[in-house]
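# quick one, what's the 3D model for this:
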Amino acid sequence: MKRRVMFLCTGNSARSQMAEAWLRHVAGDRFDVVSAGTEPSRVNPLAIAVMKERGIDMSGHTSKPVDQFIRETFHILITVCDNANEKCPIFPGVLKRTHWPLEDPAAAFGDEAQRRAVFRRVRDEIEARVRAWAAEQAMVG
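Next comes the predicted model:
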(Lines give C-alpha, C1' and ligand atoms only; values in the text may rest on other atoms or scores of the structure.)
Protein backbone atom coordinates (compact mmCIF):
# COMPACT_ATOMS: atom_id res chain seq x y z
CA MET A 1 0.00 0.00 0.00
CA LYS A 2 1.32 3.43 -0.95
CA ARG A 3 1.62 6.01 1.80
CA ARG A 4 -0.48 9.14 1.15
CA VAL A 5 1.23 12.53 1.22
CA MET A 6 -0.21 16.02 0.88
CA PHE A 7 1.85 19.14 0.17
CA LEU A 8 0.06 22.28 1.29
CA CYS A 9 0.70 25.97 0.68
CA THR A 10 -1.45 29.06 0.38
CA GLY A 11 -2.16 29.35 -3.36
CA ASN A 12 -1.22 25.84 -4.52
CA SER A 13 0.42 27.64 -7.42
CA ALA A 14 4.14 26.88 -7.19
CA ARG A 15 5.86 25.32 -4.15
CA SER A 16 3.31 22.64 -3.32
CA GLN A 17 2.79 21.88 -7.02
CA MET A 18 6.53 21.44 -7.60
CA ALA A 19 6.85 19.30 -4.46
CA GLU A 20 3.99 17.08 -5.62
CA ALA A 21 5.59 16.71 -9.06
CA TRP A 22 9.03 15.95 -7.61
CA LEU A 23 7.73 13.28 -5.24
CA ARG A 24 5.76 11.64 -8.05
CA HIS A 25 8.92 11.71 -10.18
CA VAL A 26 11.31 10.46 -7.48
CA ALA A 27 9.15 7.96 -5.59
CA GLY A 28 5.71 7.77 -7.16
CA ASP A 29 5.88 4.01 -6.86
CA ARG A 30 5.90 4.36 -3.04
CA PHE A 31 3.68 7.39 -2.45
CA ASP A 32 0.23 8.58 -3.46
CA VAL A 33 0.77 12.34 -3.51
CA VAL A 34 -1.47 15.39 -3.87
CA SER A 35 -1.10 19.10 -3.30
CA ALA A 36 -3.59 21.72 -2.21
CA GLY A 37 -3.92 25.32 -1.08
CA THR A 38 -5.64 27.15 1.74
CA GLU A 39 -6.55 29.82 -0.86
CA PRO A 40 -6.08 28.08 -4.22
CA SER A 41 -5.46 30.20 -7.29
CA ARG A 42 -3.85 28.81 -10.45
CA VAL A 43 -0.66 26.97 -11.24
CA ASN A 44 2.02 29.54 -11.94
CA PRO A 45 3.29 29.37 -15.55
CA LEU A 46 6.89 29.86 -14.37
CA ALA A 47 6.57 26.83 -12.07
CA ILE A 48 5.40 24.80 -15.06
CA ALA A 49 8.25 26.18 -17.20
CA VAL A 50 11.10 25.50 -14.75
CA MET A 51 9.86 21.99 -14.03
CA LYS A 52 9.68 21.32 -17.78
CA GLU A 53 13.37 22.30 -17.95
CA ARG A 54 14.00 19.26 -15.73
CA GLY A 55 11.79 16.98 -17.84
CA ILE A 56 8.75 17.06 -15.55
CA ASP A 57 5.43 18.01 -17.13
CA MET A 58 3.09 19.93 -14.81
CA SER A 59 0.92 21.35 -17.60
CA GLY A 60 -2.04 19.24 -16.47
CA HIS A 61 -1.82 20.28 -12.82
CA THR A 62 -4.62 22.34 -11.30
CA SER A 63 -4.81 24.35 -8.10
CA LYS A 64 -7.03 22.55 -5.58
CA PRO A 65 -8.65 23.69 -2.30
CA VAL A 66 -7.51 21.90 0.85
CA ASP A 67 -11.19 21.46 1.76
CA GLN A 68 -11.45 18.96 -1.10
CA PHE A 69 -9.31 16.55 0.96
CA ILE A 70 -10.47 17.33 4.51
CA ARG A 71 -12.19 13.95 5.04
CA GLU A 72 -9.36 11.89 3.57
CA THR A 73 -6.57 10.10 5.40
CA PHE A 74 -2.93 11.06 4.84
CA HIS A 75 0.16 9.51 6.36
CA ILE A 76 1.92 12.85 6.22
CA LEU A 77 1.01 16.47 5.58
CA ILE A 78 3.89 18.75 4.58
CA THR A 79 3.25 22.47 4.67
CA VAL A 80 5.64 24.41 2.44
CA CYS A 81 4.85 27.96 3.50
CA ASP A 82 4.45 29.67 6.87
CA ASN A 83 0.98 31.00 6.05
CA ALA A 84 -0.40 27.54 5.27
CA ASN A 85 1.34 26.13 8.33
CA GLU A 86 -0.49 28.65 10.51
CA LYS A 87 -3.87 28.43 8.74
CA CYS A 88 -3.95 24.70 8.09
CA PRO A 89 -7.10 23.08 9.34
CA ILE A 90 -6.95 20.12 11.65
CA PHE A 91 -6.94 16.92 9.65
CA PRO A 92 -8.30 14.06 11.75
CA GLY A 93 -6.82 11.61 9.25
CA VAL A 94 -3.24 12.97 9.25
CA LEU A 95 -0.79 10.72 11.06
CA LYS A 96 2.19 13.11 10.89
CA ARG A 97 2.64 16.74 10.03
CA THR A 98 5.85 18.57 9.15
CA HIS A 99 6.82 22.00 7.86
CA TRP A 100 9.30 22.98 5.16
CA PRO A 101 9.56 26.80 5.16
CA LEU A 102 10.29 27.49 1.50
CA GLU A 103 10.74 30.86 -0.20
CA ASP A 104 7.76 31.90 -2.32
CA PRO A 105 9.04 32.21 -5.89
CA ALA A 106 5.76 33.84 -6.96
CA ALA A 107 6.69 36.83 -4.77
CA ALA A 108 9.93 37.43 -6.69
CA PHE A 109 10.49 40.84 -8.24
CA GLY A 110 12.26 41.82 -11.44
CA ASP A 111 12.02 40.95 -15.07
CA GLU A 112 11.13 37.47 -16.26
CA ALA A 113 14.74 36.26 -16.23
CA GLN A 114 15.20 37.36 -12.61
CA ARG A 115 11.93 35.77 -11.52
CA ARG A 116 12.74 32.58 -13.45
CA ALA A 117 16.06 32.39 -11.58
CA VAL A 118 14.18 32.46 -8.27
CA PHE A 119 11.80 29.75 -9.47
CA ARG A 120 14.80 27.61 -10.48
CA ARG A 121 16.46 28.08 -7.10
CA VAL A 122 13.27 27.10 -5.24
CA ARG A 123 12.69 24.18 -7.65
CA ASP A 124 16.17 22.87 -6.88
CA GLU A 125 15.69 23.29 -3.12
CA ILE A 126 12.41 21.39 -3.32
CA GLU A 127 14.05 18.64 -5.34
CA ALA A 128 16.81 18.26 -2.72
CA ARG A 129 14.30 18.19 0.15
CA VAL A 130 12.03 15.69 -1.60
CA ARG A 131 14.91 13.38 -2.53
CA ALA A 132 16.32 13.47 1.02
CA TRP A 133 12.89 12.96 2.57
CA ALA A 134 12.02 10.07 0.23
CA ALA A 135 15.36 8.38 1.00
CA GLU A 136 14.75 8.83 4.74
CA GLN A 137 11.26 7.35 4.41
CA ALA A 138 12.71 4.31 2.60
CA MET A 139 15.02 3.69 5.57
CA VAL A 140 12.29 3.95 8.23
CA GLY A 141 9.88 1.82 6.25
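# just for the protein, where's the confidence low?
85, 87-91, 141 (pLDDT under 70).
# which parts of it are strands?
3-9, 31-37, 74-79, 94-99 (DSSP state E).
# most packed of those strands?
strand 3-9 (a mean of 25; mean count of other Cβ atoms under 10 Å). (C-beta placed from N, C-alpha, C; glycine too.)
# pull the longest helix from the protein.
helix 112-140 (DSSP state H).
# make JSON lines out of the strands of the chain and add distance to residue 56.
Putting those into JSON lines (distance: least, Cβ to Cβ, whole Å) gives the following:
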{"stretch": "strand 3-9", "distance to residue 56": "14"}
{"stretch": "strand 31-37", "distance to residue 56": "13"}
{"stretch": "strand 74-79", "distance to residue 56": "18"}
{"stretch": "strand 94-99", "distance to residue 56": "23"}
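# among these, which is nearest residue 86?
strand 74-79 (8.7 Å; Cβ to Cβ).
# can you tell me what sits against the closest one?
3-9, 19, 85, 88, 91, 93-100 (Cβ atoms under 8 Å, 6 or more residues apart in numbering).
# for that strand, which strands pair with it and how are they oriented?
strand 3-9 (parallel), strand 94-99 (parallel) (DSSP bridges).
# could you export these as a markdown table, including distance to residue 32?
Formatted as a markdown table, the strands paired with strand 74-79 follow (distance: least, Cβ to Cβ, whole Å):
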| stretch | distance to residue 32 |
| --- | --- |
| strand 3-9 | 5 |
| strand 94-99 | 14 |
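# for residue 48, which of those is the nearest?
strand 3-9 (15.7 Å).
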